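A.B. asks: Sequence and predicted structure below; questions after.
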Amino acid sequence: MSCETLSDKLTGYLDGELDQRSVGEVETHLRQCVACATRLERERRLRSAVQAQVKPLRAPDGLRERVRGALRAEVRAGVKETPRRSAWIPAWAATAAALVLGLAGGWQFATLRTARSESSDLVAEVVASHVRSLQSDHLTDIGSSEHHTVKPWFAGKLDFSPPVPDFSAQGFPLAGGRLDYLGERQVAALVYRRRQHVINLFVWPSGESSAAPSTTSRRGFQMVHGAAGGMAYWAISDLNAAELTQFAHLTAGELSAKPPQP
């Protein structure tokens with residue numbers, strides 16, 4: 001299965017509408033294609049966000065009773081004369097149903113657009129913070145390769161105690177940390193290096209216990225974000241996508257193993 005074919009079947013897969021053979025083909029492709037698996041996880045998270053914010057829209061009691069009454073009348077009359085007659089729906093009922101569906105659809109569209117807008121705004125903030133840290137000669141407030149030095153520095157400066165993972169054995173040595181501001185709150189910015197590349201890792205408490213890494217890019221920078229152990233994280237660098245994804249998986253594993261302390 002190609003990525004284009006999977007794109008056509010992705011909605012049906014998420015909605016549970018595919019037959020068993022198609023499900024098998026989709027899942028085989030997802031195991032082999034990181035890009036499509038990442039897209040699937042992103043769609044799932046977007047759906048969850050919409051479902052969490054959009055409450056079911058209940059029809060007014062008067063409308064519900066009128067629809068029930070019309071259906072009872074049809075049953076009593078035994079309207080089974082022709083296929084055309086049995087499919088007849090009162091014009092007012094059809095109009096009311098269309099209005100209800102239109103309101104619900106409009107609400108969902110507005111919420112979806114808001115969720116996407118907020119996500120886009122956060123991406124822009126992450127990029128701006130990364131660029132600013134490189135241009136203003138203010139990459140770190142505390143410069144050190146020792147996580148036992150960097151972690152205590154954050155004490156009392158944030159309303160949480162961020163984990164400061166040590167990935168030097170995996171080729172991502174710690175360079176220090178600083179305070180930053182994203183999404184209308186203070187966050188911890190941890191700085192790592194990969195050869196000559198700088199990685200900014202932003203972390204803060206999140207309502208999500210877990211969310212698989214999702215990749216995006218902007219202005220030549222690669223970004224990976226997700227959630228683990230009650231923490232949201234964003235990693236950004238001009239490093240290639242594969243190595244930054246490796247770094248993100250290490251981060252997720254560390255955050256899951258050592259959740260932040262309040």
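C.D. replies: Okay, I see it.
A.B. asks: which SS class is the nearest residue to Ser129 once chain neighbours are set aside?
C.D. replies: Spatial nearest neighbour of Ser129, chain neighbours left out: Asp180 (5.4 Å); criterion: CB to CB, 6 or more residues apart in numbering. In this view, the C-beta of every residue, glycine as well, is placed from N, C-alpha and C. Assigned by DSSP: H, G, I helix; E, B strand; the rest coil, the conformation of Asp180 is strand.
A.B. asks: Which helix or strand contains the residue nearest the centre of the chain?
C.D. replies: Nearest residue to the geometric centre of the chain (CA atoms, centre = their mean): Arg45, 4.3 Å. Taking DSSP states H and E as the criterion, Arg45 maps to helix 34-53.
A.B. asks: packing partners for that helix?
C.D. replies: helix 3-14, helix 20-32, helix 91-135, strand 210-218 (3 or more CB pairs under 8 Å, 6 or more residues apart in numbering; DSSP states H and E).
A.B. asks: and the first one with helix 34-53, angle?
C.D. replies: So that's helix 3-14. 30 degrees (axes from the mean of the first three to the mean of the last three CA atoms, to 10 degrees).
A.B. asks: so what does helix 3-14 touch, helix or strand wise?
C.D. replies: When contacts are defined as 3+ CB pairs under 8 Å, 6+ apart, helix 3-14 sits against helix 20-32, helix 34-53.
A.B. asks: mind checking which of those helices is nearest His147?
C.D. replies: helix 34-53 (28.6 Å; CB to CB).
A.B. asks: what comes up buried for the very next helix or strand once past that closest one?
C.D. replies: Once helix 34-53 ends, the next helix or strand along the chain (criterion: DSSP H and E) is helix 61-77. Neighbour counts over helix 61-77 (16 or more other CB atoms under 10 Å) mark Leu63, Arg66, Val67, Glu74 as buried.
A.B. asks: secondary structure element for Val224?
C.D. replies: Going by DSSP H and E, Val224 is part of strand 221-228.
A.B. asks: Name the nearest residue to the residue nearest to the centre of the chain, ignoring sequence neighbours.
C.D. replies: Excluding its sequence neighbours, the residue lying closest to Arg45 (CB to CB, 6+ apart) is Ala211, at 5.9 Å.
A.B. asks: Next, the contact list for the one you found, please.
C.D. replies: Going by CB atoms under 8 Å, 6 or more residues apart in numbering, Ala211 touches Glu41, Arg45, Gly226, Ala227, Ala228.
A.B. asks: Looking at those, state which has the most neighbours.
C.D. replies: Neighbour counts for these, by other CB atoms under 10 Å, peak at Ala228, which reaches 26 neighbours.
A.B. asks: I'd say that residue and Ala252 touch.
C.D. replies: Yes: at 4.1 Å, Ala228 counts as touching Ala252 under the criterion of CB atoms under 8 Å.
A.B. asks: Tell me how far the residue nearest to Arg45 lies from Asp159.
C.D. replies: 22 Å (CB to CB, to the nearest Å).
A.B. asks: swap in Ala228?
C.D. replies: From Ala228 to Asp159 the distance is 19 Å (CB to CB).
A.B. asks: Also Arg72?
C.D. replies: Separation of Arg72 from Asp159 (CB to CB): 59 Å.
A.B. asks: What of Phe247?
C.D. replies: Distance, Phe247 to Asp159, by CB to CB: 26 Å.
A.B. asks: Comparing the two, which residue is more hemmed in?
C.D. replies: Legend: neighbour count by other CB under 10 Å for Phe247 and Asp159, higher for Phe247 (24 against 10).
A.B. asks: Kindly state the pLDDT recorded for the more buried one?
C.D. replies: Listed pLDDT for Phe247 reads 96.
A.B. asks: Could you list which residues are in contact with it?
C.D. replies: Each residue near Phe247 by CB under 8 Å, 6+ apart is listed here: Phe167, Phe172, Tyr192, Arg194, Ile199, Leu201, Val224, Ala235, Ser237, Leu239.
A.B. asks: Check Leu158 too.
C.D. replies: By CB under 8 Å, 6+ apart, the residues touching Leu158 are Leu179, Gln186, Val187, Ala188.
A.B. asks: ok, Arg45 touching Pro213?
C.D. replies: No: contact criterion CB under 8 Å: Arg45 and Pro213 do not qualify, at 11.1 Å.
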